[in-house]
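1. Sharing a sequence plus its predicted fold:
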Amino acid sequence: MTADETGRAHRREAITELGDALRTLVEHATTTEVPTGDLLRAAAEIREVTARLGDRVRDRSTLSSADDLLGGVRMFNPVTGAGSALAPPLQIEVVAGVATGRCTLGRAFEGPPTFAHGGVSAMLLDQILGHAVVASGNPGMTVRLDTTYRAPVPLLTPLLLTAQVQDVAGRRVTATGTIATEADPGTPLVTATGTFVGLRAEQTHRLFGKLLRADP
Ligand SMILES: CCCCCCCCCC(=O)SCCNC(=O)CCNC(=O)[C@H](O)C(C)(C)COP(=O)(O)OP(=O)(O)OC[C@H]1O[C@@H](n2cnc3c(N)ncnc32)[C@H](O)[C@@H]1OP(=O)(O)O
């Protein structure tokens, strides 16, 4: 490993550590019933830490120095990113074209009481469908996502997601996926069909050209 690679690996570990701490913070902040004075003290302390992190920040058109866009490493992706306070995070692997994802949603993801927000389910499915689409060798952006909510998705319960490509027609790729519990993988709670469209070279250049050139 070069010194640069070692430095980057350490930074990713530190980002993951910070992400873990932030996710625990979000979960505790969502569920705490401590006295009101403690809430205000916590808010003041968190603002101090926030100011330290804000000392050096990247602008919106710059990738994280820990990311590797072409290698598929996105530390702050809001679904899979180990550094994201928003991500469950969903762990995805793709084997023989089938994407399998695992996560447990905390109470910060609640929609109807004790169950996951429907938008969160759609977000998880958009991501895992995207992984299946990329693995098929036909990367594209989501242009349509149809979700069917068959039963509520429980919080604090290990979930199992799957996705696979069904059809490739020119630039258009269709993929389907499901959310179930690990305990009952044969009973889909939410299903989705997504349409993804591959970008023309001019579109890739217009939307992402600056980022691709800057990727170290
Ligand atoms: C390993 C890493 C994995 C990462 C996974 C990430 C998962 C997350 C993915 C996302 O969330 S992407 C973010 C959300 N999506 C967007 O912001 C995309 C916004 N849409 C666009 O920018 C444009 O639609 C796009 C540049 C993608 C395509 O524009 P075009 O003007 O080139 O499309 P065009 O109208 O020519 O349509 C191309 C084909 O798609 C079809 N199409 C377009 N929109 C459609 C639609 N809504 N439903 C069905 N089909 C549609 C259209 O019929 C046509 O089919 P045919 O080639 O067969 O004629």
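-> Received the coordinates, thanks. Numbers count the residues shown, from 1 in each chain.

2. how about residue 141, phi and psi?
-> Main-chain dihedrals, residue 141, degrees, to the nearest 10: phi -100, psi 150.

3. Can you name the residues that contact residue 132?
-> Shown in contact with residue 132 (CB atoms under 8 Å, 6 or more residues apart in numbering): 94, 97, 98, 99, 163, 164, 165, 175, 177. (C-beta placed from N, C-alpha, C; glycine too.)

4. how would you label it: helix, strand or coil?
-> helix (DSSP: H, G, I helix; E, B strand; the rest coil).

5. follow-up on the earlier one: closest to residue 183 among the contacts of residue 132?
-> Taking CB to CB as the measure, residue 183 sits nearest to residue 177 out of the contacts of residue 132, at 18.8 Å.

6. ok, stretch 90-110 near the ligand or not?
-> No - shown here: stretch 90-110 not in contact with the ligand (CB under 6 Å from any ligand atom), separated by at least 8.0 Å.

7. Over to that stretch now: how far is its first residue from its last?
-> 16 Å (CA to CA, to the nearest Å).

8. what residues does that stretch touch?
-> Residues from elsewhere that reach stretch 90-110 (CB under 8 Å, 6+ apart): 23, 26-27, 30-31, 79-80, 88-89, 116-117, 120, 124, 127-129, 131-132, 135-136, 153, 155-165, 177, 182.

9. one step back: closest to the ligand among the contacts of residue 132?
-> When these are ranked by distance to the ligand (CB to the nearest ligand atom), residue 94 comes first, at 8.4 Å.

10. Can you get me a residue count around that closest one?
-> By the criterion of other CB atoms under 10 Å, residue 94 has 17 neighbours.

11. buried sites along the helix or strand hosting it?
-> Using DSSP states H and E, residue 94 sits in strand 91-95. Within strand 91-95, the residues scored as buried using 16 or more other CB atoms under 10 Å are 92, 94.
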